[in-house]
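Participant: I'll drop the sequence and a predicted model, then ask my questions.
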Amino acid sequence: MSKEVNEAVSSFLEDVLEGLKAQHKYLPSKYFYDEVGDGLFRQIMHMEEYYLTRKELEIFEREKQQILEVLGRDQPFRIIELGAGDGLKTKVLLRYFQEQKTDFTYTPVDISGNVLEILGDNLKSEIPNLKFDPYEGDYFDALSQISDSHEREVIFFLGSNVGNFPKEEAVSFLFGLRQFLKPNDLLFMGIDLKKDPSKILAAYNDKEGITTNFNLNLLDRINKELNGDFNRELFLHYPYYNPHTGECKSYLISKEDQSIRVGDEIIPISAWEAIFMEISKKYNETQILELAEDTGFKPVASFYDNEKWYADIVWEVKS
Ligand SMILES: C[S@@+](CC[C@H](N)C(=O)[O-])C[C@H]1O[C@@H](n2cnc3c(N)ncnc32)[C@H](O)[C@@H]1O
């Protein structure tokens, strides 16, 4: 095993054990994305209930010209996309920017090497002359490794990935991101908005059970990679939306008393005890403005879908 793979396995093990030994058990959602998890998330993006992808795609298709105006077509820039996934929606913009003879490079960052390979293959065939320089790793590792550029940096953070942090962590994440940027650099971010709670809950509780499978796959991944012995049949998937906080949280709930082996450790889990799996936080417009204010950014533009269910905002780094 290479040194990098060894280190990745040991931080996976540490994070999983820390989460399972906590008073309120949790598993970090960044580990959802192995090869099976990537495939399940790609299915989620096409589900009827998962409106987020459709809404962001609608915005990009309708507003691509305006978006390019705001990013600044007259100066070269570098797009660094954090958590790029398979780039389904980003490709709409990249293709348009290329057709407009814009001078830009594209650096997708993702913790999943598998999804970056899929993205790279698609880009080679679909947008052949794109200047493309991928980075496999965690968000901040990537930002500290990617060399400074004199060009304008434009950080893409799409798919409402920011919603995968609770509010305080979103603030520290964006504040940390701000430290890597120069005055005038931009953040282009997708944010899911508060709306009819039943629409939100349905997006994380589809009838076909793809989201259930996506959550349970992390137990399978722990079994495969960390010598675990989870039995997925002994867990229920339970998503819950709180309209006060705007937080949709997913849990796996143990149906009975059980003991789980992970690595060399045995973890007891009681009947009906919950493992917190993922948060998807929703914002309103005032909260989005506060988030910019609290993290050192100045709002420059906002784009919405027709129903105002979803926003893509552009913020500039305040000097
Ligand atoms: C919900 S998917 C969204 C993908 C894409 N942004 C979109 O809108 O379709 C999240 C992506 O972020 C990646 N990811 C999650 N946590 C990450 C982290 N801490 N560092 C780097 N990538 C991460 C996952 O591998 C996955 O591809």
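Facilitator: Nice, I can see it. Residues are numbered from 1 along each chain as shown.
Participant: Pull the contacting residues for the closest residue to Glu208 other than its chain neighbours.
Facilitator: Spatial nearest neighbour of Glu208, excluding adjacent residues (Cβ to Cβ, 6 or more residues apart in numbering): Met47 at 7.4 Å. Placement of C-beta: from N, CA and C, glycine included. Contact analysis of Met47 by Cβ atoms under 8 Å, 6 or more residues apart in numbering lists 206, 208, 210.
Participant: which residues in the chain form helices?
Facilitator: Remark: helices assigned in the chain by DSSP state H are 3-21, 35-45, 51-71, 90-99, 113-126, 139-145, 167-179, 197-203, 210-226, 285-295.
Participant: measure Gln98 to Asp110 for me?
Facilitator: Applying Cβ to Cβ, to the nearest Å, the value for Gln98 to Asp110 is 21 Å.
Participant: Those two - which one has more neighbours?
Facilitator: Asp110 (25 against 16; other Cβ atoms under 10 Å).
Participant: Hmm, the more buried one is touching Leu116, no?
Facilitator: Yes: contact criterion Cβ atoms under 8 Å: Asp110 and Leu116 qualify, at 5.1 Å.
Participant: got the contact list for the single nearest residue of the stretch 51-200 of the chain relative to the ligand?
Facilitator: The ligand sits closest to Gly159 of the stretch 51-200 of the chain, with a gap of 2.1 Å, by Cβ to the nearest ligand atom. Residues in contact with Gly159 (Cβ under 8 Å, 6+ apart) are 52-53, 56, 83, 85, 89, 190.
Participant: got any residues that touch both of Asp110 and Leu116?
Facilitator: Taking Cβ under 8 Å, 6+ apart as the criterion, Asp110 and Leu116 both touch 84, 134, 136.
Participant: dump the residue contacts of the first one.
Facilitator: Which is Ala84. 90, 108-110, 115-116, 119, 156.
Participant: again with Phe12
Facilitator: Phe12 touches 31, 225-226, counting by Cβ under 8 Å, 6+ apart.
Participant: List only buried entries from those.
Facilitator: By neighbour count, with 16 or more other Cβ atoms under 10 Å, the contacts of Phe12 hold 31, 226 as buried.
Participant: Going by distance to Tyr238, which of the contacts of Phe12 wins?
Facilitator: Closest approach to Tyr238 among the contacts of Phe12 (Cβ to Cβ): Tyr31, at 19.2 Å.
Participant: Now the residue lying farthest from the centre of the chain: closest residue in space that isn't a chain neighbour?
Facilitator: Going by Cα atoms, centre = their mean, the residue of the chain most distant from its centre is Asp257, 32.8 Å out. Computed as Cβ to Cβ, 6+ apart, the closest residue to Asp257 that is not its neighbour in sequence is Ala271, at 5.0 Å.
Participant: same thing with Thr212?
Facilitator: His237 (4.0 Å).
Participant: who does the one you found bridge with?
Facilitator: Here His237 shows beta-bridge partners Leu252, assigned using DSSP bridges.
Participant: Neighbours of it, how many?
Facilitator: His237, neighbours per other Cβ under 10 Å, totals 19.
Participant: how close does the closest residue to Ser270 other than its chain neighbours get to Lys195?
Facilitator: Leaving aside its sequence neighbours, Ser270 sits nearest to Asp257 (Cβ to Cβ, 6+ apart; 5.6 Å). Relative to Lys195, Asp257 is positioned 39 Å away (Cβ to Cβ).
Participant: Then Glu35?
Facilitator: Counting by Cβ to Cβ, the gap from Glu35 to Lys195 is 33 Å.
Participant: burial count for Glu136?
Facilitator: 17.
Participant: Around the ligand, which positions in the protein sit nearby?
Facilitator: Within the chain, the residues that sit near the ligand (Cβ under 6 Å from any ligand atom) are 30, 33, 41, 83-85, 88, 109-112, 115, 138-139, 158-159, 161.
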